[in-house]
Each structure stands twice: as structure tokens, then as C-alpha cells.
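Visitor: Mind folding the following:
(one chain, ligands or ions: 2)
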Amino acid sequence: MQDAGIKIHPEVAAAISEGAAVVALESTIISHGLPRPQNLLAGRAFEELLRAQNVVPATIAVIDGTPTVGLAEDELELIANEDIPKASVRDLPILRAKGLSGATTVAATAYLAAKTGVKVFATGGLGGVHRGASETFDESADLTTLASAPVVVVSAGVKSVLDIGATLERLESLSIPVVGYRTDIFPAFWLPTSEFSLDWRVDGPGEAAEVFRALQAQGSKSALVVANPVPNAEAWDKAEHDAVLEKAFAAADAQGVRGKEVTPFLLQFIVEASGGRSLEVNLSLARNNVSLAGEIARSLAN
Ligand code: PSU
Ligand code: MN
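Guide: Ligands and ions are numbered 1, 2, ... in the order given. Now for the predicted structure:
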């Protein structure tokens, strides 16, 4: 099915038109966020988790220039195994004109989900305001895009390599509601807590769905950010986390890593310096987000 030049998988299109539960999944986490070969296995596992809940998965990516909602197996393999660019909203027309494939960020995934009527979206962590942004202006387009993409976004907060406080301030300025899922504290990706508390929480999928309905009834085009902490039993040890991050920042500094290179450098350093521990945590928080997104989608479908 084609909708404004967007290809929608027939199973996803049918579910959308019936008002059945559908959850969008991001592809940058598969192409850039996780190493091979765990990335393809994770991409498949996220879809399986949703199917087990009777929810239709819609992994979103750009395939040969066409934004595609719901990937076939060979398309998921392409995203996982080929070196393809990371695509935010502004990259979509360029990929289209050039006929190239790309992996969609939170921004581009939420944008395409909203355009096609998918109401719930699961990811690992949101992009946000980078440390030092007051000088570099480095703020993810995830934030501004979510202000006009009406979807429920389930994430484990933002990575502690970002400026969490500034990210929360920007979400406030953009009038994007943020609720903690069974928590009053904004989670920091690998850790279930940060030093930042939240104004509001929800205690079940039905309550998240209710807030989203109210947001839409108000005429808002904003996303609802549901901050879902990694379960305590699966979280990274705080002391180890702090020690590895400190080493990572020191290494970036010592090697003169600057600008756009800083985040990829830190993330790769963190996976290696933690002996893969950060990767395990990343996978479990992502699964946890996918499951909750499935529950919220079911609640919205009922
Ligand atoms: N957070 C993660 N892993 C990721 C990303 C964020 O833990 O791979 C990706 C997401 O796709 C997010 C993007 O939308 O990075 C933000 O990138 P930028 O800061 O360049 O907008
Ligand atoms: Mn950036």
C-alpha cells in the first residue's frame, strides 16, 4: 500500500485500518546502535515479542529511497548487514531522490509512524541535548520532531552521555509531555534512575493510553514520551557505569575527539570498556520498552 509515497506492509496496513494494535520500531538502533550480529537477532526478537502479544510489528526504514513501514525479512537483513546512512527527517527527501536506503532515527521513525496512523513506537533511548550544547548547538532533531509527531514513544530515557537536565528542559519548552512508567524519576538508559525527577507518572498501560487520548482530544500534535526504566535486576551497576563513563570521557578528551564524532566514540568505547555489559543492558531495556509499547498499543486498540 502507498500513502504519500510511503510503502506500508500489507499486514500493517490491515491492522491500521482495523484499528488493531501496531507498534513501530526504529531501525537506527539496528544499523548503528547495536553491533553485528546481535543487531539482526535483536531486530527479529523485538518483532517476535510483539507478535507474542498479538501486536503487529512495524519496523520502519527507508528501502531504496522509499520510506517503508513494516519490513520484510530481506529488508530487515539489509538494514542489519549493509552499511547504510542514519536518516533523520531531513534526510528522507535526499534518500528518495537518490534511491538510497537508510535507517530511521527516533525522529524519522516517529514522523513516518504518525503519518501512517501507527500510534505507538518503541525505541531504546531518545536523542537529546548533548553535553556542551550551549557552545556546539548539538541537539538531536528527535526533540523538535516529537513536538509534531502524535505517537506514544516508549524509551528508557536518554543515555547518560547526554545532558539529561537540558534534554528535559527542551522537552518542556516544546510542550512534549513526559511521564515516568511506574517511576517518579527520569531513567538514564543503562541506569533506572538519574538525578532528575519527573512531574508525572503512570502506573499501567491503560493510564498511558488514557493520557495519549487526552493529549489528542486537546488537539495537540505532540508525542507522549513514556520513560520506562530498565528493570533493576537487569540494570548496569551504577559504580561500574560511572567508572566506565569517566574513562570514556577522559579518552575522548585525550584523543581530541570533537563534534559529531564524540557520541559514536563514547558509545563504542563504553561497549568495549564494559566487556559487553553495556550491550546486554541495552538489549534488555529495549526488549522491556517493546513489551510495554505492545501493552499500550493493545490498550489504545480496545
Ligand atoms: N540512543 C541510543 N542508540 C541509538 C540512538 C539513540 O541509545 O542508536 C539513535 C536513535 O536513532 C536516535 C538517534 O534517534 O541516535 C539520535 O541521533 P542524533 O543525536 O544524531 O539526532
Ligand atoms: Mn547531533
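Visitor: Name all residues that make contact with the residue positioned nearest the centre of the chain.
Guide: Among the residues of the chain, the one closest to the centroid is Thr123, at 2.8 Å (C-alpha atoms, centre = their mean). Applying C-beta atoms under 8 Å, 6 or more residues apart in numbering to Thr123 gives the contacts 25-26, 29, 106, 109, 153-155, 286, 289. No exception for glycine: its C-beta is placed from N, CA and C like everyone else's.
Visitor: do that again at 6 Å, thanks
Guide: Thr123 makes contact with 26, 106, 155 under the criterion C-beta atoms under 6 Å, 6 or more residues apart in numbering.
Visitor: Contacting ligand 1 as well, which ones from those residues?
Guide: When contact is defined as C-beta under 6 Å from any ligand atom, these meet ligand 1 at 26, 106.
Visitor: Quick check: of the contacts of Thr123, which lies closest to Leu100?
Guide: Nearest to Leu100, judged by C-beta to C-beta, of those is Glu26 at 18.3 Å.
Visitor: Which one of the contacts of Thr123 is nearest to Gly99?
Guide: Glu26 (22.1 Å).
Visitor: isn't that closest one right up against Thr109?
Guide: Yes: using C-beta atoms under 6 Å, Glu26 is in contact with Thr109, at 4.4 Å.
Visitor: Can I get stretch 172-189 as CSV, trimmed to CA atoms?
Guide: Presented in CSV, the C-alpha positions along stretch 172-189 are these (Å, rounded to 0.1, in the frame of the first residue of the first chain):
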residue,chain,number,x,y,z
GLU,A,172,9.3,21.1,28.5
SER,A,173,9.9,24.1,26.2
LEU,A,174,8.5,22.1,23.3
SER,A,175,5.4,21.2,25.3
ILE,A,176,6.1,17.5,24.9
PRO,A,177,4.5,15.6,27.9
VAL,A,178,6.8,13.2,29.7
VAL,A,179,5.6,10.6,32.1
GLY,A,180,7.6,8.0,34.2
TYR,A,181,6.3,4.5,33.9
ARG,A,182,5.9,3.3,37.5
THR,A,183,8.6,5.8,38.5
ASP,A,184,8.9,9.4,39.6
ILE,A,185,12.5,9.7,38.3
PHE,A,186,13.7,10.1,34.7
PRO,A,187,15.7,7.0,33.8
ALA,A,188,19.2,7.2,32.3
PHE,A,189,19.2,4.4,29.8
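Visitor: got a list of contacts for that stretch?
Guide: Applying C-beta under 6 Å, 6+ apart, the set of residues contacting stretch 172-189 from outside is 125, 146-147, 156-157, 159-160, 171, 193-194, 196-198, 200-203, 222, 224-229.
Visitor: Buried residues of that stretch, list them for me.
Guide: 176-181, 183, 185-189 (16 or more other C-beta atoms under 10 Å).
Visitor: now, among these, which is nearest to ligand 1?
Guide: Nearest to ligand 1 out of the buried residues of stretch 172-189 is Phe189 (C-beta to the nearest ligand atom; 6.1 Å).
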